[in-house]
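Colleague: below is the structure, and that's it, no one-letter string:
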């Protein structure tokens, strides 16, 4: 794997390991509300309208956040409804399964799980086409499919690692990215994207975290002069997910110490953490929100009738104020455009993630629970 790709992965890990707490959203409601999602290239890789919440809105948000995970019976009901839909009609024909298409980034694709399907190609990017139908059963697309009784032709995973919201808008509009995203190193060309969306009954969208996360990771890599090859080898070997949490942190801190950062590199890193990241988040937010609107409009252009589900954000670095603000604002914005465009918004504040900032299997199950309960007429 290209060293730049590996170094980005290392920087992501360095950022999260130094500044996050385990994102097992079993903490306070305030921490859950601060949630937001994403990452970067790992092991492969209108503000004015948003007014402060009124007390009533704040209470409603707290109630929503505090709700427990959907009970297993929701799966049973969804599966039963899907089975009923496939029953033989009076004329002897069968109803087709609904078609579910998941759009997004590496969380959607299942990065971090053992059996993500992809192939390497030239440059920094990877070919994710094998994962469209061959995705891990442990990712939330697989779990939604299992709950609704959908085969792999009716549950399609179009998650693309390192994708940003503007990138996704391009993928829907053109079936490709017009050019490589030089910050993340990804470039995708899948004309079939549009056909999948046209045929969908339900389209979920989970995107926007990379928009700020990638620039922050690149800035951190630059601040440390990419002193990361040894830790990269550990990440790429998959050891960090395989070790216990105590052993994982020991490995991380030994590797960080071995980087032997100079005073200038340490100063640049702290400057980034205390002011640089806030500037990045502030500059990114209006671009991401504009792209989210474009994504919804482009999906509607291709498929006016599909149910569109906007999946919210969970924050893997809750100790950083600018990240809490960024993801809180994005969650509020998604709720707003869901009302404006008659979409479905699904909050996922309690998603369990691991050290590489992607969901655990339990986290994917939690997101799937939320989606199954949101899908209309399964």
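Modeller: On my side now, so go ahead. Being a predicted model, the structure only gives us computed values, none of them experimental.
Colleague: neighbours around the residue nearest to residue 343 when sequence neighbours are not counted, how many?
Modeller: Spatial nearest neighbour of residue 343, chain neighbours left out: residue 308 (4.6 Å); criterion: CB to CB, 6 or more residues apart in numbering. Using the backbone N, CA and C atoms, a C-beta is placed for each residue, glycine as well. For residue 308, the number of neighbouring residues by other CB atoms under 10 Å comes to 21.
Colleague: which residues does residue 308 bridge with?
Modeller: The partner list for residue 308 in beta bridges (DSSP bridges) reads residue 203.
Colleague: same check, this time on residue 181
Modeller: Residues found in beta-bridge contact with residue 181 (criterion: DSSP bridges) are residue 186.
Colleague: for the chain, which segments count as strands?
Modeller: Counting by DSSP state E, residue ranges of the strands within the chain are 100-104, 119-120, 126-127, 155-159, 202-206, 307-311, 344-346.
Colleague: pairing partners for the third one, with directions?
Modeller: Think strand 126-127. Based on DSSP bridges, the pairing partners of strand 126-127 within the sheet are strand 119-120 (antiparallel).
Colleague: and if you look at the fourth one?
Modeller: In its sheet, strand 155-159 lies beside strand 100-104 (parallel), with partners assigned from DSSP bridges.
Colleague: what about residue 309, how many neighbours?
Modeller: Residues near residue 309, counting by other CB under 10 Å, number 23.
Colleague: surely it and residue 202 touch.
Modeller: Yes: counting by CB atoms under 8 Å, residue 309 does reach residue 202; the two are 6.7 Å apart.
Colleague: wait, what's in contact with residue 167?
Modeller: By CB atoms under 8 Å, 6 or more residues apart in numbering, the contact list for residue 167 reads 160, 177, 181, 186, 188.
Colleague: please apply the same query to residue 292.
Modeller: 165, 205, 207-208, 310, 333-334, 337.
Colleague: check what pLDDT it gets.
Modeller: As summarised for this prediction, residue 292 has a pLDDT of 98.
Colleague: cool, the one 3 residues further on as well?
Modeller: On the pLDDT scale, residue 295 is placed at 98.
Colleague: next step: the contacts of residue 292 restricted to helices.
Modeller: Of those, the ones assigned to helices by DSSP state H are 165, 333-334, 337.
Colleague: what about the closest residue to residue 171 other than its chain neighbours, how many residues nearby?
Modeller: Once its chain neighbours are removed from consideration, residue 171 has its nearest residue in residue 193; the separation is 5.3 Å (CB to CB, 6+ apart). By other CB under 10 Å, 25 other residues sit near residue 193.
Colleague: give me the common contacts of residue 309 and residue 202.
Modeller: Taking CB under 8 Å, 6+ apart as the contact rule, the neighbours common to residue 309 and residue 202 are residue 375.
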